[in-house]
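Engineer: quick one, structure for this:
(2 chains)
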Amino acid sequence: MERDDLIEYSLPKKGNVGLHDENEGSKIRKKIYKVTILLTVVTVLEVFLGAVIKQDAAIWPLVKWSFVVLTLLKAGYIVIVFMHLGDERPWLRYVVLVPYFIFVLYLIFIALWEAVAIKGVLSYFS
Amino acid sequence: MGDHSVQLDQKYLWGGKESPFQVSYGKMMMWFFLVSDALTFGGLLVAYGFTRHDCLEAWPIGEETFNSLPFLGHGYPLLYVALMTFILIVSSVTMVLAVEAGHRMDKRGVVKWMIATIIGGFFFVGSQAWEWYHFIHGSEFGKVELSDGSLAIVKGHFGEIESFTVTESGGHYKQGAVIKEDLMHTFQHAAAAGHITNGIITLHDGSKAMVKKADDHDLTLIIKKSGNKQKASKERRIITGESAKNLYYGALYSGEANRVIYGANLKQNEYGPQQYAQFFFFITGFHGFHVFSGVVINIIICLGVVAGTYHKRGHYEMVEKTGLYWHFVDLVWVFVFTFFYLI
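Structural biologist: The predicted model follows:
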């Protein structure tokens, strides 16, 4: 039996996965540098917003949600471009992403809902 | 090899000519591992959110807690974490460049970019060590319990302690001696233990000394917890100027123990509720452990690349698999950065 880790099943394929020549390589590198600049700009923007707008400002909830959106944007670029998930088969994408979204979104919802309820009770009795 | 070992045809292993999802076993398992690890980190961050939402005390604000830079002191909100984030993003980029070089069978390129990734990883772990050190030791002012029982964190420029002049001899120091070493450390210890009364510090050998200290500038008290329990007001109270000075030194020089807390550990926390310190140590520690193990794995694979193991094999998929782990570490940090530091 051949050792499994020696076989690259995904070699003759399109996209970023598998072997490619110098020409394709330079195209991929260009994409990588573009994403690098985007991630850096988003991080700088986040720190700038955090430093300028205080948490008791009226606009803070908007800033907070924009942080969440920007984080998901950064995470998306890391997963799809850097981790090449965008170049994998659609079903592998679903196998990786769908369980996470189902469990974590539910967990966030139920935990934060409970926490706010508990805080209400605690502050009522304190 | 025993008699029973048989050469299996590929099609019996996968039930067909193609692997599921057209990825190798190793890569698929790496993805499955990352999914489960992501659920672990998701659970930790949700637990943090839970505690933050049901906490009655004011939660620490990232830019007030983390505002120092090495060698430059205080007053740089979040710049250090931003730098750490940038280092990790750059090391993620060099990793993806190593993977790309591997796809061109460019061995030198893979080695070059992997070494860059490893250096970036070490920088990140080192930065985290500095941040922990700073978090544990705390600010120069500490958190102070004011005379009405409310808790306040303190911002401003701490006037340097110049000397202690001994006014009453003890076991070691004689009257009239001027102490100039280890002043800040001695001062903070004495303040926390309640050994300073009206500017007179009692040293550990029993001698008493007068504290000579430069004036503080821009002293600001930010009330985090109201002393009056009936009137737990939601808005942040900020006290500045002379009254801030009087309140702060009234507490510091009261001669009572535990009126001021410096730094954070698992038992006390300068920055806010105790759970905050616990989550800080656990989440950033767990992430730092991932970074460290990622660096170790990168070093091992890099040695394999240098030895030519993967070149002989005809593909650099091992680099791709470690790359997946390394990007995942970066991915987790993006979330920790947002939910621990920014929000």
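Engineer: can you name the residue of chain B nearest chain A?
Structural biologist: B:His53 (3.5 Å; Cβ to the nearest Cβ). Bear in mind the C-beta positions are built from the backbone N, C-alpha and C, glycine included.
Engineer: buried stuff in the helix or strand containing that residue?
Structural biologist: B:His53 belongs to helix B:25-54 when assigned by DSSP states H and E. Residues of helix B:25-54 classed as buried by neighbour count (16 or more other Cβ atoms under 10 Å in any protein chain shown): B:26-28, B:30-31, B:34-35, B:38, B:41-42, B:44-54.
Engineer: could you do stretch B:92-111 as well?
Structural biologist: Applying 16+ other Cβ under 10 Å to stretch B:92-111 flags B:92-107, B:109-111 as buried.
Engineer: quick one: is it near chain A?
Structural biologist: Yes. Judged by Cβ under 8 Å from any Cβ of the partner chain, stretch B:92-111 and chain A are in contact via B:Ser92, B:Val93, B:Met95, B:Val96, B:Leu97, B:Val99, B:Glu100, B:Ala101, B:His103, B:Arg104, B:Met105.
Engineer: need these in JSON lines with distance to B:Gly241, can you?
Structural biologist: Converted to JSON lines, the residues of stretch B:92-111 next to chain A look like this (distance: Cβ to Cβ, whole Å):
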{"residue": "B:Ser92", "distance to B:Gly241": "47"}
{"residue": "B:Val93", "distance to B:Gly241": "48"}
{"residue": "B:Met95", "distance to B:Gly241": "52"}
{"residue": "B:Val96", "distance to B:Gly241": "53"}
{"residue": "B:Leu97", "distance to B:Gly241": "54"}
{"residue": "B:Val99", "distance to B:Gly241": "58"}
{"residue": "B:Glu100", "distance to B:Gly241": "59"}
{"residue": "B:Ala101", "distance to B:Gly241": "60"}
{"residue": "B:His103", "distance to B:Gly241": "64"}
{"residue": "B:Arg104", "distance to B:Gly241": "65"}
{"residue": "B:Met105", "distance to B:Gly241": "69"}
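Engineer: on that earlier part again, quick one: the residue of chain B closest to chain A and B:Tyr248, what's the gap?
Structural biologist: Distance of B:His53 to B:Tyr248, computed by Cβ to Cβ, to the nearest Å: 31 Å.
Engineer: how about the helices in the chain?
Structural biologist: By default, I'm working from chain A. A:22-52, A:60-77, A:90-125 (DSSP state H).
Engineer: should've been chain B
Structural biologist: Going by DSSP H, chain B shows helices at B:10-14, B:25-54, B:62-65, B:79-103, B:107-137, B:183-193, B:241-252, B:274-279, B:285-307, B:309-313, B:317-336.
Engineer: pLDDT on the fourth one, on average?
Structural biologist: This points to helix B:79-103. Averaging pLDDT along helix B:79-103 yields 93.
Engineer: helices and strands around that helix, which ones?
Structural biologist: helix A:22-52, strand B:68-69, helix B:107-137, helix B:317-336 (3 or more Cβ pairs under 8 Å, 6 or more residues apart in numbering or on different chains; DSSP states H and E).
Engineer: by how many degrees do it and helix B:107-137 diverge?
Structural biologist: 160 degrees (axes from the mean of the first three to the mean of the last three Cα atoms, to 10 degrees).
Engineer: hang on, the residue of chain B closest to chain A packs against A:Ala117?
Structural biologist: No. B:His53 lies out of contact with A:Ala117 (Cβ atoms under 8 Å); the separation is 9.5 Å.
Engineer: so what's in contact with these two at the same time?
Structural biologist: Counting by Cβ atoms under 8 Å, 6 or more residues apart in numbering or on different chains, B:His53 and A:Ala117 have no contacts in common.
Engineer: return the nearest residue of chain A with respect to chain B.
Structural biologist: Closest point on chain A to chain B, by Cβ to the nearest Cβ, is A:Ala115, at 3.5 Å.
Engineer: for that residue, what are its contacts?
Structural biologist: Counted by Cβ under 8 Å, 6+ apart, A:Ala115 has contacts B:Gly49, B:Phe50, B:Thr51, B:Arg52, B:His53, B:Asp54.
Engineer: how much space between it and A:Phe103?
Structural biologist: On the measure of Cβ to Cβ, A:Ala115 and A:Phe103 end up 18 Å apart.
Engineer: gap between B:Lys174 and B:Leu183?
Structural biologist: 18 Å.
Engineer: and what of B:Leu34?
Structural biologist: Applying Cβ to Cβ to B:Leu34 and B:Leu183 gives a distance of 50 Å.
Engineer: so what's A:Leu92 up against?
Structural biologist: Contacts of A:Leu92 (Cβ under 8 Å, 6+ apart): A:Leu85, B:Phe21, B:Val23, B:Met28, B:Trp31.
Engineer: 6 Å instead, please
Structural biologist: B:Phe21 (Cβ atoms under 6 Å, 6 or more residues apart in numbering or on different chains).
Engineer: cool, the one 4 residues further on as well?
Structural biologist: With contacts taken as Cβ under 6 Å, 6+ apart, A:Val96 has the following neighbours: B:Trp31, B:Val35.
Engineer: more neighbours: which of B:Lys174 and B:Leu183?
Structural biologist: B:Leu183 (18 against 10; other Cβ atoms under 10 Å in any protein chain shown).
Engineer: could you find the closest non-adjacent residue to the more buried one?
Structural biologist: B:Ile161 (4.4 Å; Cβ to Cβ, 6 or more residues apart in numbering or on different chains).
Engineer: run a quick neighbour tally on the one you found.
Structural biologist: 18.
Engineer: just checking, it touches B:Lys213?
Structural biologist: Yes. Assessed by Cβ atoms under 6 Å, B:Ile161 is found in contact with B:Lys213 at 4.8 Å.
Engineer: give me the pLDDT value at B:Arg236.
Structural biologist: Reading off the model, B:Arg236 has pLDDT 64.
Engineer: mind checking how far the residue nearest to B:Val35 when sequence neighbours are not counted is from A:Pro90?
Structural biologist: The shortest distance from B:Val35 to any non-neighbouring residue, by Cβ to Cβ, 6+ apart, is to A:Val96 (5.7 Å). Distance of A:Val96 to A:Pro90, computed by Cβ to Cβ: 11 Å.
Engineer: and for B:Asp54?
Structural biologist: 40 Å.
Engineer: so for chain A, the centremost residue is which one?
Structural biologist: The residue lying closest to the centre of chain A (Cα atoms, centre = their mean) is A:Ala75, at 1.8 Å.
Engineer: what sits against that residue?
Structural biologist: A:Ala75 touches B:Leu331, B:Val334, counting by Cβ under 6 Å, 6+ apart.
Engineer: what of A:Val42?
Structural biologist: By Cβ under 6 Å, 6+ apart, A:Val42 lies in contact with A:Leu70, A:Lys74.
Engineer: apply 7 Å and report the result again.
Structural biologist: Shown in contact with A:Val42 (Cβ atoms under 7 Å, 6 or more residues apart in numbering or on different chains): A:Leu70, A:Leu73, A:Lys74.
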